[in-house]
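Asks: Predicted model, plus sequence, below.
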Amino acid sequence: MSKVALITGASRGIGKQIAITLAKEGFDIAVNYRSENSELQELEREIKSHNVEFIAVKGDVSVFEDTEKIVKEVIDKFGKIDVLVNNAGITKDTLLMRMKKEDFESVIDVNLIGTFNVTKNVIPYMMKARSGRIINISSVVGIAGNAGQTNYAASKAGIIGFTKSLAKEVGSRNILVNAVAPGFIQTDMTAVLKDEVKEKIAESIPLNRMGTVEDVANVVKFLASEESSYITGQVIHIDGGMLM
Ligand code: NAP
């Protein structure tokens, strides 16, 4: 019986690539998305071409009732969730002096509370199965901080505390909980940066380049695999050596 992976916010960017990479490994794939886009149909075709099952479930991870529905739909279709990847995330960057309370709250709501909401609904099934993998997408910014991102950094640091605490709670049930901390990865999220800023960033990275979505998806693949069965509560940097 195939393993089942649920990836949140997977209609584009890193989440989409994680879905494709896990499909290539033989996982049946449940993709959560918030808004429709043309990439979603293309994603369905690509995933099905790997001879695995696919379901796309609409919902906003920051809304608890939505996450109840998302998880129920996936369970109704597949009967289980072996791997949960909490990937959905947003930025609303500005200096604290200019940041509105709503900008702080909405980033925490999606990135951190969204991670809680989905995990809270998935964990009973993993507890019952006495097995599971939860992989949370944090960021180097959650470790080092970044001017203009107090909201985002707080959400991503929160995810690290969440990951380590949950790893301690559910380890005895063979549920492994880890986080990855990507550096600067080429997606829509970083496409807004000016070219000179991107060049400066690349210069400051020992590997002299921004990361790709594949760089992140390959580490998630490892954390979802049997090969990582003695790793829990860790934060794996995927940043070309930016942070050491
Ligand atoms: P992206 O290209 O902006 O994609 C974000 C995805 O999350 C989109 O599919 C988006 O859906 C979805 N999403 C946003 N809010 C949602 C919500 N409330 N409910 C459900 N889905 C939602 O971003 P990305 O670069 O792939 O980032 C993916 C994750 O990696 C995020 O957690 C991000 O913080 C983290 N990360 C990224 C970088 C980087 O350099 N790119 C670095 C470190 C960490 P819509 O299409 O509906 O907006």
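Replies: Thanks, I have the structure now.

Asks: do the stretch of helix or strand residue 19 belongs to and the ligand meet?
Replies: Using DSSP states H and E, residue 19 maps to helix 13-24. Yes. Applying CB under 6 Å from any ligand atom, one finds helix 13-24 touching the ligand at 13-15. Heads up, the C-betas are built off the backbone N, CA and C, glycines and all.

Asks: For the ligand, state which of those residues is nearest.
Replies: residue 13 (2.2 Å; CB to the nearest ligand atom).

Asks: residues contacting the closest residue to that closest one other than its chain neighbours?
Replies: Nearest residue to residue 13, sequence neighbours excluded (CB to CB, 6 or more residues apart in numbering): residue 187, at 3.9 Å. For residue 187, the contacting residues are 12-14, 213, by CB atoms under 8 Å, 6 or more residues apart in numbering.

Asks: Residue 202 too?
Replies: Here residue 202 is in contact with 184, 208-210 (CB under 8 Å, 6+ apart).

Asks: quick one: which of those is most hemmed in?
Replies: residue 184 (23 neighbours; other CB atoms under 10 Å).

Asks: Hmm, that residue is touching residue 211, no?
Replies: Yes. Under the criterion of CB atoms under 8 Å, residue 184 makes contact with residue 211 at 6.5 Å.

Asks: Between those two, which contacts overlap?
Replies: residue 239.

Asks: all helices for the chain, in order.
Replies: Under the criterion DSSP state H, the chain contains helices at 13-24, 38-48, 64-78, 101-107, 114-129, 141-144, 150-170, 188-191, 195-203, 213-223.

Asks: Deepest-packed of these, please.
Replies: By mean neighbour count, with neighbours taken as mean count of other CB atoms under 10 Å, helix 13-24 ranks first of the helices of the chain at a mean of 24.

Asks: which other helices and strands contact that one?
Replies: When contacts are defined as 3 or more CB pairs under 8 Å, 6 or more residues apart in numbering; DSSP states H and E, helix 13-24 sits against strand 4-7, strand 28-33, helix 38-48, strand 83-86, helix 213-223.

Asks: what does it contact?
Replies: 5, 7-10, 29, 31, 39, 43, 46-47, 50, 52, 54, 83, 85, 87-88, 137, 182, 185, 187-189, 213-214, 216-218, 220-221, 224.

Asks: same check, this time on stretch 102-109
Replies: Taking CB under 8 Å, 6+ apart as the rule, stretch 102-109 contacts 62, 90-92, 94, 150-152, 154-155, 158.

Asks: want to throw the helices of the chain into TSV with mean pLDDT?
Replies: Formatted as TSV, the helices of the chain follow (pLDDT from 0 to 100):
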stretch	mean pLDDT
helix 13-24	98
helix 38-48	94
helix 64-78	98
helix 101-107	98
helix 114-129	99
helix 141-144	98
helix 150-170	99
helix 188-191	90
helix 195-203	92
helix 213-223	98
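
Asks: And the residue nearest the centre of this protein?
Replies: Nearest to the geometric centre of the chain sits residue 87, at 1.9 Å (CA atoms, centre = their mean).

Asks: Retrieve the pLDDT associated with that one.
Replies: Confidence at residue 87, expressed as pLDDT, is 98.

Asks: For the residue nearest to it when sequence neighbours are not counted, give its distance to residue 130.
Replies: Nearest non-adjacent residue to residue 87, counting by CB to CB, 6+ apart: residue 15, 4.0 Å away. Separation of residue 15 from residue 130 (CB to CB, to the nearest Å): 27 Å.
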